[in-house]
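**Student:** Need coordinates for the below:
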Amino acid sequence: MTRAGDEGLDFSPVGLCENPMESEIFPAALRDKEIPHRTRWDTDGNLILEVPREWREEAIRVLREAAKVFFAEEYRALDEGTLEAARQAAAERRRRHAAEQAEPRAADENEEEEEEEPSNLFRSHQSLFGEKPFVPSSALRPRPVWPAWALAAIPGLGLGHVYAGRARVALPLMLFTATCVAYFLWAESVWALSLILIPWAVDMGFAAYHVKTRNREVEELRRRALEEERKLIAEIEGRPGENDG
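**Tutor:** Presented below is the predicted three-dimensional model:
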């Protein structure tokens, strides 16, 4: 801001605004006190405040009050000799802040990639114990539910859960059945054999539910894959220069 009668004044730098809040508050404080001043942007995006030399002390007092009220910090006044050093310090702070922001972002991206694409070594392990395996897009198809009912109808083997990809549930069902059969052969107790109804009921009751749950997850994965494909196509189509090259 410069007024009509300020052109002949000798302006000198008094402050450097590094962020949008400072760029709004400090010039507003000078305007409020009717202190002549002017502003200019440097190549790094900082706003440089300049005031006439005869107004310098009053401007520094006003800016210090504004810094204390709005930022709870001491205002550092500048002059021609310290302006360049302040610009370099501001640039270094921006670089350091950008690096700090980039590190957690890169770590999050790496974690997402590891979660979405587990190594081949552990894919069979994850499939065996019912964890979400790596699934290629060609395999993102819902499973029919009726085989789960058919396999679960075989008493005590937990085959419905195996079909549903919940082998970690099927394994204790099989062990329970094997224990009941072994006890029946040893004690010849029909009561022990009747306990096979427990794993059978669990298999019949939950195998189809797990298949339906997996199908919902597959549909969600397919939806996300389609969204990513659309974004990729839009991004490629939006770069005609790269396609021409």
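**Student:** going forward, measure contacts and count neighbours with C-alpha atoms only.
**Tutor:** Fine.
**Student:** low-confidence ranges in this protein?
**Tutor:** The model of the chain has pLDDT under 70 over residues 1-8, 97, 102-140, 239-245.
**Student:** Distance of the residue of the chain most remote from its centre relative to Gly81?
**Tutor:** Here the chain reaches farthest from its C-alpha mean at Glu188, the gap being 59.9 Å by CA atoms, centre = their mean. If you measure Glu188 against Gly81 using CA to CA, to the nearest Å, the figure is 101 Å.
**Student:** Need phi/psi at the residue farthest from the centre of the chain.
**Tutor:** Glu188 has phi and psi values of phi 50, psi 50 when expressed as degrees, to the nearest 10.
**Student:** That one and Val181: what is the separation?
**Tutor:** With distances taken as CA to CA, Glu188 is found 9 Å from Val181.
**Student:** Ok, Glu228 next?
**Tutor:** Distance of Glu228 to Val181, computed by CA to CA: 52 Å.
**Student:** These two: which has the busier surroundings?
**Tutor:** Val181 (20 against 12; other CA atoms under 10 Å).
**Student:** okay, now the closest residue to the more buried one other than its chain neighbours: neighbour count?
**Tutor:** In this structure, Val181 finds its nearest non-sequential neighbour in Leu193, 6.1 Å apart by CA to CA, 6 or more residues apart in numbering. Counted with other CA under 10 Å, residues neighbouring Leu193 total 18.
**Student:** Then the one 10 residues further on?
**Tutor:** Applying other CA under 10 Å, we find 28 other residues in the vicinity of Asp203.
**Student:** What's the separation between it and Trp146?
**Tutor:** As judged by CA to CA, Asp203 and Trp146 stand 13 Å apart.
**Student:** and what of Ala192?
**Tutor:** Distance from Ala192 to Trp146, by CA to CA: 30 Å.
**Student:** Comparing the two, which shows the higher neighbour count?
**Tutor:** Using other CA under 10 Å as the criterion, Ala192 and Trp146 rank with Ala192 on top: 17 against 12.
**Student:** Where does that one fall, secondary structure wise?
**Tutor:** Assigned by DSSP states H and E, Ala192 belongs to helix 190-194.
**Student:** for Trp186, same thing?
**Tutor:** helix 167-187.
**Student:** Show me what counts as buried in that helix.
**Tutor:** For helix 167-187, burial by neighbour count (16 or more other CA atoms under 10 Å) applies to 167, 169-171, 173-174, 176-181, 183-184.
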